[in-house]
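Novice: my questions concern the predicted model and sequence given below.
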Amino acid sequence: MFRAWHNSLALKVRVSPMGALQVADVTAWDAVRVGMGFVRAEGLFGRTVFVPASSVRGVMRSFSERLLLGLGLRACDPLAPNACGMGRDAAPRRIYLESCFVCRTFGSGQLAGRVVVGDFWPWNSEAVEATQRDECATANRTERRGGIAIDRRTRAGALGHESEVEVVTRGAFYGDVILTNYQLWQPALIGLALREIEEGYLTIGGGSGRGFGRVLCRVVGATLRQSLDVRAAAGSLDGASRKIIGAGGFEADELPVPDGVTWEREPLADVARLSGKEWTRLFEALLDGPWREFVTSREKDRSNHRDTENIEIGGEEKGGGKEEGDAGVVAGAEAGVVADAGAVAVAETAAAEPVPAQDAAPVPGDH
């Protein structure tokens, strides 16, 4: 997947609290300032509050798992013993084909992810230094929010069971979400996760039951980079077509960029820079084209599999040999259950989704 570089997409994301945002530093109990302090690190202007990449990436990955499972597509539980890449020793191609769609995007123990999320800092790196300092100072004017347990007998506050946390209520945090060697359904998946955060269905940090974690999440800019070799192979090297070309083998893995956006020729790649509004138009086009094609192609694969395969419990197949039945069962056969559409990864995916020819040795990714 990464031996050769094909494309990349860098999204610049701004996250602004819509109330209280709590990302607690569980390793440091601050008894002087507040009971549970907001996480801090050394930044450009001294020690400052920030939103760690894991707080955003984890929310995006868990949503992606639920979304794909809800659509009947494959998504493993990264904490389960039989998660993708756990305890397997196979060739890179087989590891890729046996991995679920979430692990192909975010990575697993034996497969590097295509998505990199950076830490979110309380300043815009594109602003002048004075503005950055002001933004940082604004976010660091934190507040304390207290809480107390309820006595079940008196229904009043239980003395001795008070708590206090530090929250951020103002300012904005800026970070990057970068995809490399992506297929065009993958930025659509990332865009859907960011939209769920924007609409309030996903929260960041802790205390969501108390109303914490609601944020405004906006993509304020995007940069597309396309390998010249890939564009030449697709017949669009002259720039006239202004296409985005994915790294997959789907017919729908090409898409025109929004009107008004042009490619700029650089020594190693063609580059297109998009505003926030242009990214929104591109995202909608990704949903209507590659994402829809990705979902419907998997539905067709499942339908064809149900029509042609009839696998019994224990790996015996009606109308065929046992070896064919065993090949169709990936994880279900060991548990003694019928393989469903989500467990026949190799049989479905090898035909429907070719692996990029430049498959590299697996690189450990995170969950």
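Specialist: Thanks, I have it. Numbers count the residues shown, from 1 in each chain.
Novice: alpha carbons only for contacts and neighbour counts from here, please
Specialist: Noted.
Novice: so how far is L68 from the residue nearest to A139 when sequence neighbours are not counted?
Specialist: Computed as CA to CA, 6 or more residues apart in numbering, the closest residue to A139 that is not its neighbour in sequence is G171, at 4.5 Å. From G171 across to L68, the span is 34 Å (CA to CA, to the nearest Å).
Novice: just R281 next, same as before
Specialist: R281 is 23 Å from L68, by CA to CA.
Novice: between these two, who's got more neighbours?
Specialist: Using other CA atoms under 10 Å, the more surrounded residue of R281 and L68 is L68, with 17 against 13.
Novice: wasn't that one part of a strand?
Specialist: No - L68 sits outside any strand when classified using DSSP: H, G, I helix; E, B strand; the rest coil, being helix.
Novice: read off the pLDDT value for it.
Specialist: Here the pLDDT value assigned to L68 is 94.
Novice: again, but for I197
Specialist: 95.
Novice: you'd agree it is in a helix?
Specialist: Yes - under three-state DSSP, I197 sits within a helix.
Novice: could you pull up the residues touching it?
Specialist: 203, 214-217 (CA atoms under 8 Å, 6 or more residues apart in numbering).
Novice: let's see that with 7 Å instead.
Specialist: For I197, the contact set (CA atoms under 7 Å, 6 or more residues apart in numbering) comprises 203, 217.
Novice: again, but for V177
Specialist: 10-12, 115-118 are the contacts of V177 under CA under 7 Å, 6+ apart.
Novice: one more: F294?
Specialist: F294 makes contact with W185, according to CA under 7 Å, 6+ apart.
Novice: relative to E284, how far out is it?
Specialist: Here the criterion is CA to CA. By it, F294 lies 15 Å from E284.
Novice: and V128, by the same measure?
Specialist: 32 Å.
Novice: who has more neighbours, those two?
Specialist: E284 (14 against 10).
Novice: ok, and for stretch 68-80, which residues are buried?
Specialist: Applying a neighbour-count criterion of 16 or more other CA atoms under 10 Å, the buried positions in stretch 68-80 are 68, 72-76, 78.
Novice: surely S125 is within a helix?
Specialist: No - remark: S125 does not belong to a helix; assigned using three-state DSSP, it is coil.
Novice: and it, how far is that from S54?
Specialist: In this view, S125 and S54 are 20 Å apart by CA to CA.
Novice: of these two, which one has the most company?
Specialist: Applying other CA under 10 Å to S125 and S54 shows that S54 carries more neighbours, namely 15 against 12.
Novice: check which helix or strand covers the more buried one.
Specialist: If you go by DSSP states H and E, S54 is part of helix 53-70.
Novice: mind listing what's buried in that helix?
Specialist: Going by 16+ other CA under 10 Å, helix 53-70 has these buried residues: 53, 55-57, 59-65, 67-68.
Novice: can you tell me the SS state at the residue nearest to A139?
Specialist: coil.
Novice: can you give me the pLDDT of it?
Specialist: 94.
Novice: could you verify my assumption that it touches R141?
Specialist: No - at 9.0 Å, G171 does not count as touching R141 under the criterion of CA atoms under 7 Å.
Novice: grab the nearest non-local neighbour of V219.
Specialist: Using CA to CA, 6+ apart and skipping the chain neighbours, the partner closest in space to V219 is V13 (4.5 Å).
Novice: so what's that neighbour bridging to?
Specialist: G175, V219 (DSSP bridges).
Novice: what of the one 4 residues further on?
Specialist: P17 has these beta-bridge partners by DSSP bridges: V215.
Novice: okay, now D151: neighbour count?
Specialist: 12.
Novice: E162 versus that one, what's the distance?
Specialist: Distance of D151 to E162, computed by CA to CA: 12 Å.
Novice: before we move on, what about V220?
Specialist: In terms of CA to CA, V220 sits 40 Å off from E162.
Novice: more neighbours: which of the two?
Specialist: Taking V220 and E162 together and counting by other CA under 10 Å, V220 has the greater number of neighbours (17 against 13).
Novice: do I have it right that that one meets W279?
Specialist: No - the pair V220 / W279 is not scored as a contact, 8.3 Å apart, by CA under 7 Å.
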